[in-house]
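> Can you look at this prediction? I've put the sequence above it.
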Amino acid sequence: MRSVLGLIKPKQIIVGTDFAGEVVSIGKKIKALNVGDRVFGFKDSGLASQAEYLTTTAENIFPIPENVDLKTSLSGV
């Protein structure tokens, strides 16, 4: 684990694996999402989901229903 996270301290100190927010950019091949869509997901391929921005695959992203706010979507309700 130390080789992945860093020998003395973590290489990235941003923690978290679940996220919610708005799509700000998408790849050319992505058809199911649009910029501005409210989404949530789980990024288990490391940490850093509490960063201001993150990059992930479309398989890790799910739409947030209109009647659910971002705070509720992260609390697991």
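Here it is on my side, so go on.

> what's A58 sitting at in phi/psi?
With angles defined as degrees, to the nearest 10, A58 sits at phi -60, psi -30.

> Now for it: which residues touch it?
Shown in contact with A58 (CB atoms under 8 Å, 6 or more residues apart in numbering): 30, 32-33. Where C-beta positions appear, they are placed from N, C-alpha and C, glycine not excepted.

> Distance check, it against D69.
23 Å (CB to CB, to the nearest Å).

> Also K28?
K28 sits 31 Å away from D69, going by CB to CB.

> More neighbours: which of these two?
Per other CB atoms under 10 Å, whichever of K28 and D69 has more neighbours is D69, with 12 against 5.

> where does this structure have low pLDDT?
1-16, 43-51, 70-77 (pLDDT under 70).

> who's the residue nearest to V39 when sequence neighbours are not counted bridged to?
In this structure, V39 finds its nearest non-sequential neighbour in I61, 4.8 Å apart by CB to CB, 6 or more residues apart in numbering. Taking DSSP bridges as the rule, I61 bridges to G41.
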